[in-house]
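K.L.:
Give me a 3D structure for the following:
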Amino acid sequence: MDTLRLSADPGRLPDRVREELTDVDRLRRIWAEHRQAWPREERETARRDLIRTRIREAGVDGALADLLVSATVDGMAGRALTREYAAELAELVHSLPDPGPFRAPRNPLTLEYAHLVADPAAVPGHPLVRAAVIYIETLAIVTELDEGREAPRLLPWVTAALVLRRSDFPPLPPTHPPAHTGLSPGERLAETVSAMARAVMAALRDELGWTPPGAPPPPRGPVPPLAAVTRRRILDYLRSRREPVGLILRALDPGARVLVRSGGFDDTEEGDRPSETGRAVLTPGAAHWWSTLELAVGEAVLTLTVVTQEIGRPRTGVLAVIVDGRLTTAEGARDVPGVSIADSVTVMPTDCVDDRWPQIRDLVDEAVSQAMGALTRV
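P.N.:
Okay, here's the model as predicted:
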C-alpha cells in the first residue's frame with residue numbers, strides 16, 4: 001500500500017471522522033492538564049495496571065502480556081520506530097510460544113519488510129492518523145507473510161501504540177479494527193482512524209478516571225447543568241421505549257413486564273441501586289446517576305443500566321454515558337452479549353446535550369436491541 005498516497009492529513013478524511021479526531025484532541029488537552037494533579041510515579045503505576053487490565057480483557061496473559069505492557073508503557077515505548085526496532089518487535093512477537101487469541105505469521109519479518117512497517121512513522125500529520133496508516137501497512141505485511149491468512153494480529157496494534165506513545169498519548173488498548181473488504185484505501189483508512197479514535201478516547205477516560213487509593217471522596221455539590229439535562233433526556237427516552245418494547249415482549253409472553261427506574265450516587269436507599277452501576281463507574285466516588293430498563297419474561301430478568309457520570313478528580317467537567325447489562329435466569333446471572341461498558345459516549349464540558357444526543361440515543365438503542373435478542377434466545 002502506498003503510504004504517501006494515503007497521507008496522515010486529517011483534511012482528507014470524512015467529516016464524521018474529523019469530528020472524532022477533534023474530540024480526541026479536546027479530551028487529550030483536558031487529560032494533559034489533569035494528570036499534573038497526581039505524582040508521576042503513582043500515575044505510571046496506575047497506567048501500567050490499566051493497560052494490563054485491557055490486555056487481559058483481550059484474552060492475553062503471561063509472557064505475552066508482559067511484552068505488550070513493556071512495549072506500550074515501559075521503556076520500549078520511548079524508542080523511535082525504526083526498521084531495526086520494527087524487526088526486533090516482530091521477532092519478539094514471533095518467538096512467543098503462545099500468542100493467545102492472535103495469530104503470528106509463519107514467516108518472520110525481515111529487514112527487507114521492516115522498513116515498510118517503519119516508514120509511515122515519519123509521515124507528517126495527526127498522530128492518530130499516522131498510527132492508523134502504520135496499522136494498515138503492518139497488517140498487510142504480516143498477512144502477506146502468513147500466505148494471505150486473515151486473522152487478528154499483534155504487531156499492527158503494537159506498532160500503532162508505539163507511534164501514539166511517542167506523541168504523548170496514553171497506551172492504546174488492544175485494538176483490531178474489522179477488516180473492511182471492498183473498500184477503497186481511503187475508506188479503509190477512515191474506518192481504521194475511527195476505530196482507533198474510539199479506543200484512544202477510552203484510554204483517555206481510563207486515565208482521567210483514575211484516583212490514588214485512599215483518596216478522599218470529592219465534596220458534594222449541586223448537579224452540574226449538563227449532567228442534569230443529560231440524565232433527564234436519557235430517562236425520558238427510556239420511558240418512551242417502555243411501551244413499544246413491552247408490546248413486543250408480551251407477544252412472546254403475556255405476563256412480560258417492563259419497568260423503568262432511576263436514581264443517583266446520593267440516594268439514601270442503597271438497596272435500590274442496580275449492581276451494574278458499580279461496574280460502569282470509571283472514577284471511584286465520583287458523582288453518577290443511573291436509569292434502568294428492566295425486562296422480565298417468565299423467570300428471566302434482563303436489566304439495562306445507563307449511567308451518566310462525572311470523569312476525574314478533581315472535577316474535569318467531562319461526562320461519560322455508559323450502558324451495562326445483566327441477564328438473570330434460573331441458571332444464574334451473566335453479561336448481555338453485545339452490551340459492553342467499553343462502549344460509551346463522552347460529553348465534553350463545552351457541549352450541550354443536543355451535540356451528543358444522537359450518539360447517546362444510538363448507544364441506548366443498540367443496547368436495547370441486543371437485550372431483546374438475548375431475551376428471545378433464553
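K.L.:
Report whether Tyr237 is found in a helix, as I expect.
P.N.:
Yes: assessed with DSSP: H, G, I helix; E, B strand; the rest coil, Tyr237 lies in a helix.
K.L.:
OK, contacts around it?
P.N.:
Arg361, Val364 (C-beta atoms under 8 Å, 6 or more residues apart in numbering). (Glycine included, C-beta is placed from N, CA and C.)
K.L.:
Wait, a helix at Leu295?
P.N.:
No: read with three-state DSSP, Leu295 is strand and lies in no helix.
K.L.:
just checking, it touches Leu252?
P.N.:
No: counting by C-beta atoms under 8 Å, Leu295 sits too far from Leu252 to count as a contact (10.7 Å).
K.L.:
Pick out whichever of the two has more residues nearby.
P.N.:
Under the criterion of other C-beta atoms under 10 Å, the comparison of Leu295 against Leu252 puts Leu295 first, with 25 against 13.
K.L.:
Tell me what that one is bridged to.
P.N.:
Counting by DSSP bridges, Leu295 is bridged to Val258, Leu302.
K.L.:
measure it to Tyr113 for me?
P.N.:
52 Å (C-beta to C-beta, to the nearest Å).
K.L.:
how about the strands in the stretch 151-300 of the chain?
P.N.:
257-264, 288-297, 300-311 (DSSP state E, counting those that start in this stretch).
K.L.:
Now do the longest one, average pLDDT.
P.N.:
Read it as strand 300-311. For strand 300-311, mean pLDDT rounds to 93.
K.L.:
Just the CA coordinates for the helix or strand hosting Val133, please, in PDB.
P.N.:
For Val133, the element it lies in under DSSP states H and E is helix 127-145. Below are the C-alpha coordinates for helix 127-145, written out as PDB (Å, rounded to 0.1, in the frame of the first residue of the first chain):
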ATOM      1  CA  PRO A 127      -0.500  11.100  15.200                       C
ATOM      2  CA  LEU A 128      -3.700   9.100  15.300                       C
ATOM      3  CA  VAL A 129      -4.000   9.100  11.500                       C
ATOM      4  CA  ARG A 130      -0.300   8.200  11.300                       C
ATOM      5  CA  ALA A 131      -0.900   5.300  13.700                       C
ATOM      6  CA  ALA A 132      -3.800   4.100  11.600                       C
ATOM      7  CA  VAL A 133      -1.600   4.200   8.500                       C
ATOM      8  CA  ILE A 134       1.000   2.100  10.300                       C
ATOM      9  CA  TYR A 135      -1.700  -0.300  11.500                       C
ATOM     10  CA  ILE A 136      -2.900  -0.900   7.900                       C
ATOM     11  CA  GLU A 137       0.500  -1.200   6.400                       C
ATOM     12  CA  THR A 138       1.700  -3.600   9.100                       C
ATOM     13  CA  LEU A 139      -1.400  -5.800   8.900                       C
ATOM     14  CA  ALA A 140      -1.000  -6.000   5.100                       C
ATOM     15  CA  ILE A 141       2.700  -7.100   5.500                       C
ATOM     16  CA  VAL A 142       2.100  -9.800   8.200                       C
ATOM     17  CA  THR A 143      -0.900 -11.100   6.300                       C
ATOM     18  CA  GLU A 144       1.300 -11.500   3.300                       C
ATOM     19  CA  LEU A 145       4.000 -13.200   5.400                       C
END
